[in-house]
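>>> Here is the input, now give the coordinates:
(one chain, ligands or ions: 1)
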Amino acid sequence: MSVSRVVSCVSALSALALVAGCTSGSGGGPAGSGAVSFSTWGEEYIEQGIPAAELEDGWSITFSRFLVPISAVTVADQGAVAATQAGGVLFDHVGAGVKGVVSFEALPAKAYGEVSFEIVRASAGLSLDPSVEQADLEQLLADGASLYIEGAATKGAESKVFAWTFSTETRYEQCGGEVNGQEREGALVTNGGDDEIELTIHGDHFFYDDLQASAARLRFQPMADADADGDGDVTLDELDAVDLVDIAEGSYGTGSASDVNTLGDFVRHLSRTLGHFRGEGECLSRAL
Ligand SMILES: [Ca+2]
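Okay, the predicted model is just below:
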């Protein structure tokens, strides 16, 4: 391959289709190599809270802890794995800022249509991001947990706290999202470049009133009302005791899910929807 051909390939990077043609159809040698770097962020909703203006019913929500282990970040194309994360990292997304997950260097330059990651039960080998301490990991291990969230909801003089442990295990796969206004499936490695991908965690989803994100609004009143013993702490057991059909404020939409009957079922189902890609981008969520 001539140097001039490499240069012409690089200059075509703005169009994914051209890159694919460039790397597979030029008939010459390698198209170079580059990196894919993964970070994660819980956005302002987890760091700073969800303001009342975002909810339908005047409640506002703040988180004091939001523990998420991210593991098995994988870059592949047509079933061939190019790189996969060894182990995982535990984060507390109440800690400020975008946090590093893993970087893969020296990958052959091409488009990788399959990027996936997992949020599964914590294992002792998890690395600790600076946002967490060993005690956070030990808590997840003791509870067999894949997620732990803790916070408070407030409306006027009323307030409730919650501390919910989930053991749902989820693979987020076939991730895609927008880059400079264009949809990109997976990752694109360019010669000498670094495709920086944020695995974005959407904390507000726990308060959706519909399992179909496009129809969902944020509500807390039915959860506040679920505090049956009136101690100010809304537990998952109390959410389990609330049948969705009995919620007076309006329907909770379950879409095609047939096994979601209580508020507890509902939030466990939503715990499989937190993982996103490059901000608002989507992945397919698969229960493990
Ligand atoms: Ca209670």
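>>> What score does Gln48 have for pLDDT?
Confidence at Gln48, expressed as pLDDT, is 97.
>>> can you pull the contacts of the residue lying closest to it once chain neighbours are set aside?
Nearest residue to Gln48, sequence neighbours excluded (CB to CB, 6 or more residues apart in numbering): Thr62, at 7.7 Å. Quick note: C-beta positions are derived from backbone N, CA and C, even for glycine. Going by CB atoms under 8 Å, 6 or more residues apart in numbering, Thr62 touches Gln48, Gly49, Ile50, Gly151, Ala152, Ala153, Thr154.
>>> now Glu173
Glu114, Val115, Ser116, Cys283, Leu284, Arg286.
>>> what do you get for Gln212?
Gln212 sits in contact with Gly253, Gly255, where contact means CB under 8 Å, 6+ apart.
>>> what's the distance between it and the ion?
29 Å (CB to the ion, to the nearest Å).
>>> what does Ile46 give?
In terms of CB to the ion, Ile46 sits 23 Å off from the ion.
>>> host element of that residue?
helix 43-47 (DSSP states H and E).
>>> picking that back up, for the residue nearest to Gln48, list each beta-bridge partner.
Ala152 (DSSP bridges).
>>> Distance check, it against Glu105.
Counting by CB to CB, to the nearest Å, the separation of Thr62 from Glu105 is 38 Å.
>>> Repeat that for Val161.
44 Å.
>>> which of the two has more neighbours?
Taking neighbours as other CB atoms under 10 Å, Val161 and Glu105 compare with Val161 leading, 16 against 11.
>>> which bits of the stretch 101-250 of the chain sit near the ion?
Neighbours of the ion within the stretch 101-250 of the chain, by CB under 5 Å from the ion: Asp227, Asp229, Asp231, Asp233.
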